[in-house]
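[1] Mind folding the following:
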Amino acid sequence: MRLALILAVSWLAMPADAQSGQQSANAQLAPTPGQGPQLGLRSEQPMLLAEPVAMMIAAFDRDGDARVTRAEFDAGLRASFDSIDVEHKGTLGYIGFADWSFKWLGDREALPSPFEVDKDGDNRISYAELTDRFALYFERFDKNRDGVIDRSELLTFRPPTTGGPGGRQSGGRRGGRGSGE
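    Next up, the predicted model:
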């Protein structure tokens, strides 16, 4: 069930042309003259993305209604912590937190970082510290303040990151080695 939810959130985060399959893989990788291969991403267009923490929250949905209540959120966070705290110490060291991050967020360096979570600076992450940090995530993602996080609230809108026609940054050379592209 979790995998299906994660795949659904990932699918929602893909550009529309990638979802519909209108462009072939060869067309997406065809180089533009003077540039390296294009990966089918059009940075001049806004995108919807799912942050790693949003994918984790989506996986907390236990009843399959595509909504995460505060109770589901709290239970999911507790289960995620306990899955790494197998010795029931009540805290995770930074390496344990990196293991937690890898398992639940997909990368050892995904946000939040242990430095954000470890408020008392003891180089250990307690469950209370984790819940304090994640309370901010619940508040941030519950955009309509109804106490439930819907799938649409888990998506992040990223505006275009490049300027000018054709998606080029203003100034600088275009293409080639050492140009920063």
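[2] in the protein, which segments are predicted with low confidence?
    Residues of the chain that meet the criterion pLDDT under 70 lie in 1-44, 46, 161-181.
[3] Could you rerun that using 80?
    Along the chain, segments meeting pLDDT under 80 span 1-46, 160-181.
[4] Can you show me the helices along this protein?
    2-13, 16-20, 25-29, 52-59, 70-84, 94-105, 114-117, 127-141, 151-154 (DSSP state H).
[5] Please dump those helices into TSV; it should also carry distance to Gln45 for every row.
    Quick note: C-beta positions are derived from backbone N, CA and C, even for glycine. Listed next are the helices of the chain as TSV, based on distance: least, CB to CB, whole Å:
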stretch	distance to Gln45
helix 2-13	13
helix 16-20	9
helix 25-29	14
helix 52-59	20
helix 70-84	32
helix 94-105	26
helix 114-117	31
helix 127-141	24
helix 151-154	19
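[6] winner for burial among those?
    Stretch with highest mean neighbour count among those: helix 52-59 (a mean of 22; mean count of other CB atoms under 10 Å).
[7] and the angle from it to helix 94-105?
    60 degrees (axes from the mean of the first three to the mean of the last three CA atoms, to 10 degrees).
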